[in-house]
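K.L.:
turn this into a structure:
(chains A and B)
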2 protein chains.
Amino acid sequence: MKSFREATAVDDDLRADLDPQWAIGDKLHGGYLMAVLARAVAVRAPLPHLVAMSTTFLRPPAAGPARVEVEALREGRTAGQYRARLVQDDGPCAEALVTQGTLDAAEPWWGRAKPPELPAEEDCQRLPSDAPGSPFTVPLLDVVEHRHDPAVLGFAVGRPSREGRVAGWLRLVDGADWDPLSLLIATDPAPPVSLTLGVTGWAPTLSLTAYVRRLPAPGPVRVVMHSSEITSGRMDEIVEVWDARDTLVAQATQLAAVRV
Amino acid sequence: MKSFREATAVDDDLRADLDPQWAIGDKLHGGYLMAVLARAVAVRAPLPHLVAMSTTFLRPPAAGPARVEVEALREGRTAGQYRARLVQDDGPCAEALVTQGTLDAAEPWWGRAKPPELPAEEDCQRLPSDAPGSPFTVPLLDVVEHRHDPAVLGFAVGRPSREGRVAGWLRLVDGADWDPLSLLIATDPAPPVSLTLGVTGWAPTLSLTAYVRRLPAPGPVRVVMHSSEITSGRMDEIVEVWDARDTLVAQATQLAAVRV
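P.N.:
Take a look at the predicted model:
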């Protein structure tokens, strides 16, 4: 089993080998694909850290060889802006706008966000990759440990919470600490909010925007995701990621398609 | 004074004439520039409505001639995805990823968002374009009426609320009803949250992502914007826009630079 770093590696020509392990059913995970794109940007960018990234998903790539095209749009002293595109079989699979900068672990100058209320990690339940009754396996859950608040897990026993909220503790199974690139995985946690509303099936991301706010502390992160509404087959999902030091490390918002 | 439609017009070659009226100080407004980009996409796209848009701002364009380059990334039956780029003097000023689709005015299939609590429109205070003591004028406020909750206006008399929230009623002064393109203006309201925290000065948007959730009803919209935190010179701003029928019509999130 490859580590996160190995699974998202790109060579000097920005060629990647997409790993089937980072998938929901047979579809590669959106946060994983974003991490591959962001790693390619980091190869080219003089500034060290991912700060913001908006990705639009065009068609699901297959596991295996792919390449990334990176174009610098503007490079300044404190921020660099890039376009990155994931290409397979000469067709684009995803395109992203990326802002690169420098992160630190500073306290907020001002803040009003509060960490999610969540039972202790050991009192949360690990999602299995091969749940009984699930229409597909989720190989991602064997490389990213998801321990969810029992309050959100009613869907697993046919009693969806209907609260439109997912919350839990995440760790990389390879034992690595979180970093700005792996946080992209945490900004797109499983399952989609729609599952807690009784809507089974894949909820493909149309567009995902993530901000990395600071360098995360070692240890697990807590993730909370909620939706505002599902309308005309589209669902928003808004995510906060908090580190073990109780600071906000990443935020995200996505628009996904759902069949209701 | 040009109407919103005139000020954001593009010809068949996607040439625009950027209007100095839609500005904060001498900088053209981010939501206005996004509306010009989105109108150019609508010229090319077979599907009628803007659904999602992520824009990265590279350098502030000047008022006057500019052109938009649009590339179709994928066109499907229910969604089209595009890249749009605003170019002036042969240099890019902003680049966006745009999802086009079909909107309606349907009730949510499921929702948990609630309209903002706000005094009646007539009990809110209109922001002037030329406020006494302000370091610059805000010509935008003469074309987009902003009537703010008095609770957020302490900054205007030297007593910033420090709540990190901006909320008010918005109308287009030209009398037009809101539409998916003009809602982009409402997703980037004045002033930035930082001003309510006592931080004067421009807060340039690095990246703004907006989702249009449905066709808005006639009448004013209510806008509520809050920030989670300001850290290392960067501020997030999360916006909801509600129409006169009490339905959520747009959502946005942006990352802006602030000097604290």
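
K.L.:
tell me the residue furthest from the middle of chain A?
P.N.:
Distance from the centre of chain A peaks at A:Arg77, with 27.9 Å (CA atoms, centre = their mean).

K.L.:
quick check: it vs B:Gly30, distance?
P.N.:
Separation of A:Arg77 from B:Gly30 (CB to CB, to the nearest Å) stands at 22 Å. Just so you know, the C-beta spots here come from the backbone N, C-alpha and C atoms, and that holds for glycine as well.

K.L.:
also A:Gln88?
P.N.:
Counting by CB to CB, the gap from A:Gln88 to B:Gly30 is 33 Å.

K.L.:
looking at those two, which one has more neighbours?
P.N.:
Between A:Gln88 and B:Gly30, counting by other CB atoms under 10 Å in any protein chain shown, B:Gly30 is the more crowded of the two (24 against 18).

K.L.:
excluding chain neighbours, what is closest to that one?
P.N.:
Using CB to CB, 6 or more residues apart in numbering or on different chains and skipping the chain neighbours, the partner closest in space to B:Gly30 is B:Thr205 (4.4 Å).

K.L.:
residues in contact with the one you found?
P.N.:
B:Thr205 sits next to B:30, B:57, B:188, B:254-256 when contact means CB atoms under 8 Å, 6 or more residues apart in numbering or on different chains.

K.L.:
what's the answer for A:Gly31, then?
P.N.:
A:Gly31 neighbours (CB under 8 Å, 6+ apart): A:184-188, A:208.

K.L.:
now do 6 Å
P.N.:
A:184-185, A:187-188 (CB atoms under 6 Å, 6 or more residues apart in numbering or on different chains).

K.L.:
so of these, which ones are in helices?
P.N.:
A:184-185 (DSSP state H).

K.L.:
of the contacts of A:Gly31, just say which sits nearest to B:Ile230.
P.N.:
A:Thr187 (20.1 Å; CB to CB).

K.L.:
separation between the residue nearest to A:Leu58 when sequence neighbours are not counted and B:Leu97?
P.N.:
Spatial nearest neighbour of A:Leu58, excluding adjacent residues (CB to CB, 6+ apart): B:Arg74 at 4.4 Å. According to CB to CB, B:Arg74 and B:Leu97 sit 11 Å apart.

K.L.:
compare these two and say which is more crowded by neighbours.
P.N.:
Taking other CB under 10 Å, B:Arg74 and B:Leu97 do not tie; B:Leu97 has more neighbours (26 against 17).

K.L.:
continuing past the one helix or strand the more buried one maps to, what's the next helix or strand?
P.N.:
Using DSSP states H and E, B:Leu97 sits in strand B:91-101. Counting by DSSP H and E, the element after strand B:91-101 in chain order, helix or strand, is strand B:110-111.

K.L.:
does that next one reach chain A?
P.N.:
Yes - with CB under 6 Å from any CB of the partner chain as the measure, strand B:110-111 is seen reaching chain A through B:110-111.

K.L.:
interface residues of the stretch 101-250 of chain A facing chain B?
P.N.:
So the stretch 101-250 of chain A meets chain B at A:104, A:106, A:108-113, A:164, A:197, A:206-207, A:209, A:211, A:213, A:228-232 (CB under 6 Å from any CB).

K.L.:
neighbours of A:Asp13, just the number please.
P.N.:
So A:Asp13, with other CB under 10 Å, has 9 neighbours.

K.L.:
over to A:Val152?
P.N.:
25.

K.L.:
same question for A:Leu208.
P.N.:
For A:Leu208, using other CB under 10 Å, the count is 28.

K.L.:
so what pairs up with it in the strands?
P.N.:
A:Thr55, A:Gln254 (DSSP bridges).

K.L.:
that one and A:Thr253: what is the separation?
P.N.:
8 Å.

K.L.:
and for A:Ala156?
P.N.:
Taking CB to CB, one finds A:Ala156 at 26 Å from A:Thr253.

K.L.:
can you pick out the residue with more neighbours from those two?
P.N.:
In this view A:Ala156 and A:Thr253 are compared by other CB under 10 Å, and A:Thr253 has more residues nearby, 24 against 19.

K.L.:
just the buried ones among the residues of the stretch 101-250 of chain A next to chain B, please.
P.N.:
A:108-111, A:113, A:164, A:197, A:206-207, A:209, A:211, A:213, A:228-232 (16 or more other CB atoms under 10 Å in any protein chain shown).

K.L.:
quick one: buried residues of stretch A:53-60?
P.N.:
So for stretch A:53-60, counting by 16+ other CB under 10 Å, buried means A:53-58, A:60.

K.L.:
roughly how far out does stretch A:148-167 sit from the chain middle?
P.N.:
Stretch A:148-167 sits 20 Å away from the centroid of its parent chain (CA atoms, centre = their mean, to the nearest Å).

K.L.:
same question for stretch A:73-89.
P.N.:
19 Å.

K.L.:
what's the answer for stretch A:170-181, then?
P.N.:
12 Å.

K.L.:
over to stretch A:118-133?
P.N.:
18 Å.

K.L.:
ok, stretch A:84-104 next?
P.N.:
On CA atoms, centre = their mean, the centre of stretch A:84-104 falls 14 Å from the chain's centre.

K.L.:
same deal with stretch A:16-23?
P.N.:
With CA atoms, centre = their mean, you get 14 Å for stretch A:16-23.

K.L.:
can you list contacts of it?
P.N.:
Contacts of stretch A:16-23 (CB under 6 Å, 6+ apart): A:2, A:7, A:10, A:28-29, A:32, A:36, A:61, A:63-66, A:139-140, A:143.

K.L.:
ok, the closest residue to A:Pro218 other than its chain neighbours - how many residues close by?
P.N.:
Nearest residue to A:Pro218, sequence neighbours excluded (CB to CB, 6+ apart): A:Asp177, at 4.5 Å. By other CB under 10 Å, 16 other residues sit near A:Asp177.

K.L.:
contacting residues for A:Leu28?
P.N.:
If you count contacts by CB under 6 Å, 6+ apart, then A:Leu28 has A:Leu18 around it.
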